[in-house]
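*Asks:* Let me see the structure of the following:
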Amino acid sequence: MDSNWDKVIGLKRRKTTYLWVKRILIPNSMKFLLGVMLCIMSFVLIVQSENIIDLITNVSALLVISSMDHFLYGMAEQGYLGETLQAKTSKVNEVNVHDTHLLSTLSLVERDRSYKIRSAIFISFFVTMVGGWGTVLYRQTTGVYFQ
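*Replies:* The predicted structure is shown next:
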């Protein structure tokens, strides 16, 4: 299965592992890490908030910080951050990547494996979040945190 490497990566006919790591693995890993950190910070804010006003204020601040990249991209697109960045955002906007559903191209065995992996990841995140919340709840009700 071939991808549109030339348009996505920007370098024609240079499929190397280094470029894949630099332009695909690292950025997507950072996005994943951002999502994990956002979940952790949301959990901490919910647990530490003393009332609903503090909770709403803290979550709003967290959402503003997490959406800062969209704001900065828009500023670069409008040219407020220089002509070089404006030209690069225009180039990015011109790329049209057709989203072909990956699961439709996989065999039945591969689909089943993919489903199991995604389910295991979701369940592990869910169990971790509920387990952390349950631990805090138990310690609050038994008086460990508040005497």
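*Asks:* which residues of this protein fall in helices?
*Replies:* 5-9, 17-20, 26-48, 52-66, 68-78, 83-94, 102-105, 108-141 (DSSP state H).
*Asks:* can you put the ones you listed in CSV and add mean pLDDT and mean neighbour count?
*Replies:* Using the backbone N, CA and C atoms, a C-beta is placed for each residue, glycine as well. CSV is the format used below for those (pLDDT from 0 to 100; neighbours: other CB atoms under 10 Å):
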stretch, mean pLDDT, mean neighbour count
helix 5-9, 62, 14
helix 17-20, 81, 11
helix 26-48, 85, 12
helix 52-66, 83, 12
helix 68-78, 89, 13
helix 83-94, 89, 12
helix 102-105, 60, 10
helix 108-141, 85, 11
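*Asks:* list the contacts for Gln86?
*Replies:* Contacts for Gln86 (CB atoms under 8 Å, 6 or more residues apart in numbering) come out as 76-79.
*Asks:* right, I mislabeled it, should have said Val47
*Replies:* 133, 136.
*Asks:* and what of the one 3 residues further on?
*Replies:* For Glu50, the set of contacting residues under the criterion of CB under 8 Å, 6+ apart is empty.
*Asks:* how much space between it and Gln140?
*Replies:* 12 Å (CB to CB, to the nearest Å).
*Asks:* same thing with Lys22?
*Replies:* 46 Å.
*Asks:* And Asp54, by the same measure?
*Replies:* Distance from Asp54 to Gln140, by CB to CB: 16 Å.
*Asks:* And Ile56, by the same measure?
*Replies:* Note on Ile56: its distance to Gln140, by CB to CB, is 21 Å.
*Asks:* Could you dump the contacts of Gln86 into JSON lines and include distance to Asn93?
*Replies:* Formatted as JSON lines, these follow (distance: CB to CB, whole Å):
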{"residue": "Ala76", "distance to Asn93": "11"}
{"residue": "Glu77", "distance to Asn93": "7"}
{"residue": "Gln78", "distance to Asn93": "12"}
{"residue": "Gly79", "distance to Asn93": "13"}
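*Asks:* what's the closest of those to Tyr18?
*Replies:* Using CB to CB, Ala76 comes nearest to Tyr18 of the contacts of Gln86, at 26.3 Å.
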